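Trainee: here are the coordinates; sequence isn't available:
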């Protein structure tokens, strides 16, 4: 039913991501066991849940207030957007947050004496995988509560490597609050400019290490970028923001752009017609400007209400339909003892709500930045929460409050005796190492990834009641969704209304979807049931969208036009036809054999040939797509910028790809002119991808590049490879392209004639390359002409173990990578061969073929004459000034110094060395 998804194989190092993948596996296995029909219909779609949809990575240069320049690694991961555009938090990640397993991996790199670059790459990989793991949890959470959003997450790594006396150390980067706000203003600007962030794309909110002030800064950067790009719905607001941008001298402090947007929103709410709004404000949530009342407390409020729900349901499992959340609920937390790990916004507000419901908070802990330790307070009689909250808000820490003590082992607090353990700190807190020691009856995770999958299994075996992150940490993300709606509608909602909406959504999902349809029906615990509900919803939506997209686009194939002078294009087309997965793809191979070989042509000639070919491909694409004839005529006449706008709005799609299967064309063609004339076509070629592949070789590699005269003369390979620090030698081999074409097409009357020609071919290859390869000790040879792929086996047979870099393979990789970003539909793949309409053989080809076949020339002379082909052509044209090149019928070598030329029954003998 579905095409075979080619999922990228990768090695995962991050333990949290491994744990989350195990969690997905368990939920998927449960679906397979409980609902085999559903699993069978959608089994290929489950695999997509382990792959991020996209990853954005950057190293950001940032100047601290002191003027010191630092480099910060930042990553944005979109996990799954089947339900809608991505939504998720923004984190400041310090090395300490990453945990013991991270430092074990880091120490192993130090023990292996890895370079600073290798060690840094491993750190960045771990951070990205951490962000990916948390984006998966966000996806599950959003899907569980039926929000039309997908999972995403952004993180900035506050760590840097220092090489001190040959030892590599990882240090935390300390940023002041003003610096953090300035950093997030720049990140908001960058993400918007690069198309990552927006109210209809990715809308971040606060998470670990970030707060509302930083979200304001991010929104300010967002509006600054929108003003520059002129992408704001309300023209009046756009003009005001542009005025700020034009008068801006330095962008360092304040929220000028956000404040103007907020003020404009309030004015149109007060004086407008009710239809105007500033939806761009919804690009960032949990703001202080145009924010949502109750957003800050929403996470803790919902988490405490869900904890009460868990206790109620555990004590009255048969009466689950009577369970209520919110105003009508019974209070089952009265007298319960609670330990809270983490005393940031979620933990602090949770302590307030637990206290209001009569629970005794006996212990709290947090990481103290000054002490660099976990600070905890424990009182079996119960802590004075109002006094503690007041102390924390004044001092910024709970250190020195009453009986404060420093825990050498951060896990010690988790093991204190209590009814409820409430996690509100960081991920990976309950693991296989400490889960056996947990004494609390209820373990509630208000932090993403707080319980590893191994820890979850141990808790479940010990009959603990578990509230997973996707169930418990829901209030904040629901509130963020409501804030987006509020901004889009230009409305303001009161805190009570917000909390009632959150509670209504949670109650409906937990009672009907989780308990009724999964827990009671299939006998699983609530955490697993929540994941099953979420995954079923994601997969069902993906399936429905996929089938809908197939129906809409069944008659719109993706067209890949492959252009070459002959054999190279045939090789590329045939390999693509075999390697591409099933899909509605039209391969259109256009070969211009009348102008073969391209390698001998000038840049002007190449541009003329290429433009004629693209016109031909474009005309055929119109027929294939059955487009509106009037629209096609009009589209070709409108300005270039208008064409780009039509494509950006989706009115015109860029689902035509033209692949230059010729290095010479890819090197010499005027790309800028092509893009202006055909903006709806995506052009790719082998050169850049081949150079990128060469740059991944070991630095000691001796690289040889062979290609046509045009490719080698352009100097593109030599320049880029040499700039990368490699040893490179280049050589033009004009005979080889023609030789490969002759070998491919040549038919022989007898076996002896075939053997004789193959012997000639082998001699020419050896004469062309022997000195080049052996004298320069070439280890890797780049075949910078797609025709040469046909000779690869012969070259290897003559010269032994050479490593080949094939431009055929690199251009195929380029096509495959591009197809991953296009909506490939179901359908039959088709390959069509098209030849350019022109009679006769090219003059260059006539000369080169005669050089190859001449009985008067030795192999070395053939190579020399091949390199002189342009000179030979010039001599003949000078002698036959009144005869056009296309009128020449045949050329034969009369001896090793002269040729016989035939045209319209006349013959001329022309000396190639007249001075002799």
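Mentor: Cool, got the structure. As the structure is a prediction and not an experimental result, all values here were calculated from the model. Residues are numbered from 1 along each chain as shown.
Trainee: tell me where the stretch 251-400 of the chain has helices.
Mentor: 256-271, 295-315, 345-356, 385-395 (DSSP state H, counting those that start in this stretch).
Trainee: list the buried residues in the shortest one.
Mentor: In this case it means helix 385-395. 385, 388, 389, 391, 392 (16 or more other Cβ atoms under 10 Å). From N, CA and C alone the C-beta is placed, and that goes for glycine too.
Trainee: ok, the nearest residue to residue 158 once chain neighbours are set aside - contacts?
Mentor: The shortest distance from residue 158 to any non-neighbouring residue, by Cβ to Cβ, 6 or more residues apart in numbering, is to residue 173 (4.3 Å). The neighbourhood of residue 173, defined by Cβ atoms under 8 Å, 6 or more residues apart in numbering, consists of 70, 72, 158, 159, 160.
Trainee: and these, which of them are in strands?
Mentor: Of those, the ones assigned to strands by DSSP state E are 70, 72, 159, 160.
Trainee: got a winner among these for most neighbours?
Mentor: Of all the ones in strands among the contacts of residue 173, the highest neighbour tally under other Cβ atoms under 10 Å goes to residue 159, namely 21 neighbours.
Trainee: let me know whether that residue touches residue 96 as I believe.
Mentor: No: applying Cβ atoms under 8 Å as the test, residue 159 and residue 96 come out as separate, 9.3 Å apart.
Trainee: what do those two both touch?
Mentor: residue 172.
Trainee: can you get me a residue count around residue 100?
Mentor: Neighbours of residue 100 using other Cβ under 10 Å come to 11.
Trainee: please identify which helix or strand holds it.
Mentor: helix 99-111 (DSSP states H and E).
Trainee: buried ones in that helix?
Mentor: 99, 101, 102, 105, 106, 109.
Trainee: for residue 100, see how far away the residue lying closest to the fourth one once chain neighbours are set aside is.
Mentor: On the basis of Cβ to Cβ, 6+ apart, the spatially nearest residue to residue 105 that is not a chain neighbour turns out to be residue 13, at 6.1 Å. In this structure, residue 13 lies at 14 Å from residue 100, with Cβ to Cβ, to the nearest Å as the measure.
Trainee: quick one, what contacts residue 106?
Mentor: Counted by Cβ under 8 Å, 6+ apart, residue 106 has contacts 119, 122, 123, 170.
Trainee: quick one: it from residue 248, how far?
Mentor: Distance from residue 106 to residue 248, by Cβ to Cβ: 42 Å.
Trainee: so residue 888 touches residue 900, yeah?
Mentor: No: if you go by Cβ under 8 Å, residue 888 and residue 900 don't touch, sitting 11.3 Å apart.
Trainee: the more surrounded of these two?
Mentor: residue 888 (21 against 15).
Trainee: how about the more buried one: what's its closest non-neighbour residue?
Mentor: residue 903 (5.0 Å).
Trainee: burial of the one you found, as a residue count?
Mentor: 17.
Trainee: who does it form a beta bridge with?
Mentor: residue 906 (DSSP bridges).
Trainee: what of residue 466?
Mentor: Counting by DSSP bridges, the residues bridging with residue 466 are residue 443.
Trainee: which residues touch it?
Mentor: 442, 443, 444, 445, 451, 456, 459, 460, 525, 526, 527.
Trainee: so what pLDDT did it get?
Mentor: As predicted, residue 466 sits at a pLDDT of 88.
Trainee: for it, give its distance to residue 314.
Mentor: 11 Å.
Trainee: between these two, which contacts overlap?
Mentor: residue 442.
Trainee: could you look up the SS state of residue 142?
Mentor: Here residue 142 is recorded as helix under DSSP: H, G, I helix; E, B strand; the rest coil.
Trainee: so who does the residue nearest to it when sequence neighbours are not counted touch?
Mentor: Spatial nearest neighbour of residue 142, excluding adjacent residues (Cβ to Cβ, 6+ apart): residue 149 at 4.9 Å. Residue 149 makes contacts with 83, 84, 85, 86, 87, 142, 481, as judged by Cβ under 8 Å, 6+ apart.
Trainee: next, give me the two most distant ones among those residues.
Mentor: 86 and 481 (12.4 Å; Cβ to Cβ).
Trainee: next, count neighbours for residue 676.
Mentor: Residue 676: 14 neighbours (other Cβ under 10 Å).
Trainee: measure it to residue 683 for me?
Mentor: Counting by Cβ to Cβ, the gap from residue 676 to residue 683 is 12 Å.
Trainee: quick one on the thing from earlier: in three-state terms, label the residue nearest to residue 105 for me.
Mentor: coil.
Trainee: got it, and residue 65?
Mentor: Under three-state DSSP, residue 65 comes out as coil.
Trainee: next up, phi/psi of it, please.
Mentor: phi -60, psi -20 (degrees, to the nearest 10).
Trainee: name the residues of stretch 372-381 that come out as buried.
Mentor: 374, 375, 376, 377, 378.
Trainee: out of those residues, who's nearest residue 598?
Mentor: Taking these together and measuring to residue 598 by Cβ to Cβ, the closest member is residue 374, at 69.2 Å.
Trainee: identify the residues contacting the strand or helix carrying residue 672?
Mentor: Using DSSP H and E, the element containing residue 672 is helix 671-677. By Cβ under 8 Å, 6+ apart, the residues outside helix 671-677 that reach it are 607, 610, 611, 614, 640, 681, 683.
Trainee: which one in those is the model shakiest on?
Mentor: residue 640 (47).
Trainee: circling back: and which of the buried residues of stretch 372-381 is nearest to residue 810?
Mentor: Once Cβ to Cβ is applied, the member of the buried residues of stretch 372-381 that ends up nearest residue 810 is residue 374, at 52.4 Å.
Trainee: beta partners for that closest one?
Mentor: Going by DSSP bridges, residue 374 forms beta bridges with residue 367, residue 407.
Trainee: quick thing: my sequence starts at 20, can you match it?
Mentor: Understood, numbering begins at 20; the last thing we discussed is residue 393.
Trainee: where does the stretch 820-935 of the chain have low pLDDT?
Mentor: 839-860, 900-906, 933-935 (pLDDT under 70).
Trainee: all helices of it, in order?
Mentor: 826-839, 862-872, 878-886, 888-898.
Trainee: would you mind finding the most buried of the ones you listed?
Mentor: helix 862-872 (a mean of 21; mean count of other Cβ atoms under 10 Å).
Trainee: need the pLDDT of residue 575.
Mentor: Value for residue 575, per-residue pLDDT: 64.
Trainee: dump the helices of the stretch 270-419 of the chain to JSON lines, plus mean pLDDT.
Mentor: Converted to JSON lines, the helices of the stretch 270-419 of the chain look like this (pLDDT from 0 to 100):
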{"stretch": "helix 275-290", "mean pLDDT": "91"}
{"stretch": "helix 314-334", "mean pLDDT": "91"}
{"stretch": "helix 364-375", "mean pLDDT": "93"}
{"stretch": "helix 404-414", "mean pLDDT": "90"}
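Trainee: what distance separates the start and the end of stretch 60-80?
Mentor: 48 Å (Cα to Cα, to the nearest Å).
Trainee: distance between that stretch and the chain's centre?
Mentor: For stretch 60-80, the separation from the chain centroid amounts to 8 Å (computed by Cα atoms, centre = their mean, to the nearest Å).
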